[in-house]
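Trainee: Sharing a sequence plus its predicted fold:
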Amino acid sequence: VQVVESGGGSVQPGGSLRLSCLASGSGFFFPNHAMSWARQVPGKGIEWVSGIYVTGNTGYADAVKDRFTISRDNAKSTVYLQMNDLKPEDTGVYYCAPGFGPDLTYWGQGTQVTVSS
């Protein structure tokens, strides 16, 4: 399975970004898989951020709840992460992967998000 994350950038606190993750591969049928986003904050390990089931049900880490929204477009094999009211502590490299929850392996190149004034 290949994942390609995009949409990162540099924003000021309070700003917004929308991340995208295209997942594809031989034998991988995107609509059949939950998908998650995680981030690696400088000096820390991978932190699960959000996930979405095939049903559309979602989950969020407490740190991003009410600010981030995960969604999916099965026709485009893409999962999105809308990030609003960004804070400096949201800075990090964001990854996506199939699955739901904190015990996943992330192998994409990630997309850098920097929140700074």
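Mentor: That came in fine, so what should we check first? Numbering: from 1, shown residues only.
Trainee: Could you check stretch 38-51 and say which residues are buried?
Mentor: 38-39, 46, 48-51 (16 or more other Cβ atoms under 10 Å). To be clear about C-beta, it is placed using only N, CA and C from the backbone, and glycine gets the same treatment.
Trainee: End to end on that stretch, go ahead and measure it.
Mentor: 9 Å (Cα to Cα, to the nearest Å).
Trainee: related to what we said a few turns ago, export the buried residues of stretch 38-51 to a markdown table and tack on distance to Met83, pLDDT and secondary structure?
Mentor: Listed next are the buried residues of stretch 38-51 as a markdown table, based on distance: Cβ to Cβ, whole Å; pLDDT from 0 to 100; DSSP: H, G, I helix; E, B strand; the rest coil:
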| residue | distance to Met83 | pLDDT | secondary structure |
| --- | --- | --- | --- |
| Ala38 | 13 | 97 | strand |
| Arg39 | 10 | 97 | strand |
| Ile46 | 17 | 93 | strand |
| Trp48 | 15 | 97 | strand |
| Val49 | 9 | 97 | strand |
| Ser50 | 10 | 98 | strand |
| Gly51 | 15 | 98 | strand |
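Trainee: Between the residues you listed, which sits nearest Thr114?
Mentor: Arg39 (11.9 Å; Cβ to Cβ).
Trainee: if we look at the sheet, which residues does the closest one bridge to?
Mentor: Residues in a beta bridge with Arg39, per DSSP bridges, are Glu47, Tyr94.
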